[in-house]
Every structure is written in C-alpha cells, then in structure tokens.
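Participant: one predicted model, sequence on top.
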Amino acid sequence: MRTFSALALFSAYAMVASAQVAEFSASGGVSRFGDVSLIEVPRITLEDGFRLALRFTINSYRFMGHEIGYGYAQSSADVAATGESQGMSIHSFFYDFLIYATPEGSPFRPFVCGGAQFSSFFPPGTSVYYGNQVTKFGVNYGGGLKFMVKAPFGARVDLRQYASPKPDLFQTAQGPSGWMRQTEISAGVSFNF
C-alpha cells in the first residue's frame, strides 16, 4: 500500500511539475440533444436546455494538455401523447486529452480534444437528493479556441459532443436501446496560473 501511495504521489507531482501552465475555467451555454427518444411508446423525448461547465486544465507540453471537469445540463423530458413536460438534470464528470494548434504562450490557441466521461441522469421531477439516478459511461470529443484577454485572465469557446448509452429512467421492461448525443456550445472565462 505504501509503494502504491508513493507511486501515485510521484506521478501526480511529475504531471504538475512538467506543466508550463494550468488554468481553471467556467463556461455556460446550450445543450442540444437533437431527436433523442428515451421511450418509443409513449414517445418521450429530451429537449434542448442549458449547460454549465467547470474545467481544470494542465498544459503539460507545448502542444498538449489534460483537462478534467464537471458539467451540469438542465433539460426536459416531453411526453408526445399528452404534451406534458418535466425538467430533468444531467451531471457529468469528464477527462479530455487536448492537442493545440499553436504552442504554449500564444495569444490564440485552437484545440481539439477527446476523452471519456460518466453522466448521471436524474428522472424527470426528481433531484440529486433522491439517489435514483442512472449513471452511464461514454466518450466525448470536440474542439474550441482559447485566447488571452489580459494576464492572467483568458476566455474560451467550446464545441463538444458527449455520447453515451441511453439511460432507462422509467424502468421499462425492455429499456431504451442505442446511444444518445449531447452537443455543448459554450463560452467562458479562465484564470491561468
């Protein structure tokens, strides 16, 4: 156990020690689901909503970085037969590997990214306090642009897509099949240190 703890501590130190810069950012924007059907009969679909995200980035090399983050999306589930709509939330935690088009220190840094995430879907009308969420693992990918405003402050624009299996929020006999995609379009501010 001591060896594992020492190895984990050394690895974390090596990742941070080689970093040229780290940044913390907060973003807000829209969350689009397209035509996602959670249940066919009665047809229940997810509507577009808003998304908030917090990200911590370590740029470990001139053209590469690592990002971990948390995202909160608010949407609604609509029952087509009755026209009824109820709010629902999605909490996501993710990791992304970033590749930049320009080196560290450039005022404009376009990037592409990809990684993995897990998302907790909360059934319509419930909250995180009920403990009845459905968690799904998936992948995410996208890109964006980071730029310096005035040191140490910056700004960013992101376009990302999160893909995961459809959650069975309504405990149906067969459950939904296939994957769903959530597209994030957001802008935010960052603090570089």
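Facilitator: That came in fine, so what should we check first? Residues are numbered from 1 along each chain as shown.

Participant: ranges for the helices of this protein?
Facilitator: Using DSSP state H, the helices of the chain run over residues 2-17.

Participant: what about residue 119, distance to residue 162?
Facilitator: 7 Å (Cβ to Cβ, to the nearest Å). From N, CA and C alone the C-beta is placed, and that goes for glycine too.

Participant: mind listing the shared neighbours of those two?
Facilitator: Residues within reach of residue 119 and of residue 162 at once, by Cβ atoms under 8 Å, 6 or more residues apart in numbering, are 92, 138.

Participant: show the pLDDT at the residue nearest to residue 178 when sequence neighbours are not counted.
Facilitator: Take residue 178 and drop its neighbours on the chain: the residue closest to it by Cβ to Cβ, 6 or more residues apart in numbering is residue 166, 5.9 Å away. On pLDDT, residue 166 comes in at 92.

Participant: try residue 149
Facilitator: 94.

Participant: try residue 37
Facilitator: At residue 37, pLDDT is 84.

Participant: identify the residues contacting stretch 106-115?
Facilitator: Under the criterion Cβ under 8 Å, 6+ apart, residues 65, 67, 94-102, 139-148, 160 lie in contact with stretch 106-115.

Participant: so the residue nearest to residue 178 touches residue 181, yeah?
Facilitator: No - in this structure residue 166 lies outside contact range of residue 181 using Cβ atoms under 8 Å: 10.3 Å.

Participant: center of the protein, which residue is that?
Facilitator: residue 71 (4.8 Å; Cα atoms, centre = their mean).

Participant: for stretch 126-141, measure first residue to last.
Facilitator: Taking Cα to Cα, to the nearest Å, the first and last residues of stretch 126-141 lie 29 Å apart.

Participant: give me the contact list for it.
Facilitator: 88-89, 91, 94, 96, 112-123, 160-169, 179.

Participant: put the buried members of these into a PyMOL selection.
Facilitator: Typed into PyMOL, the line below selects the buried ones among the contacts of stretch 126-141, using 16 or more other Cβ atoms under 10 Å:
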select buried, resi 88+89+91+94+96+113+115+117+119+121+122+123+160+162+164+166+167+168+169
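
Participant: need the contact list for residue 147.
Facilitator: Each residue near residue 147 by Cβ under 8 Å, 6+ apart is listed here: 107-109, 154-156.

Participant: now tabulate those in a markdown table and tack on pLDDT, neighbour count and distance to residue 131.
Facilitator: Shown next, in a markdown table, are the contacts of residue 147 (pLDDT from 0 to 100; neighbours: other Cβ atoms under 10 Å; distance: Cβ to Cβ, whole Å):
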| residue | pLDDT | neighbour count | distance to residue 131 |
| --- | --- | --- | --- |
| 107 | 94 | 10 | 46 |
| 108 | 95 | 10 | 44 |
| 109 | 96 | 22 | 40 |
| 154 | 96 | 19 | 38 |
| 155 | 97 | 15 | 37 |
| 156 | 98 | 21 | 34 |
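
Participant: and which of those is nearest residue 24?
Facilitator: Using Cβ to Cβ, residue 154 comes nearest to residue 24 of the contacts of residue 147, at 10.4 Å.
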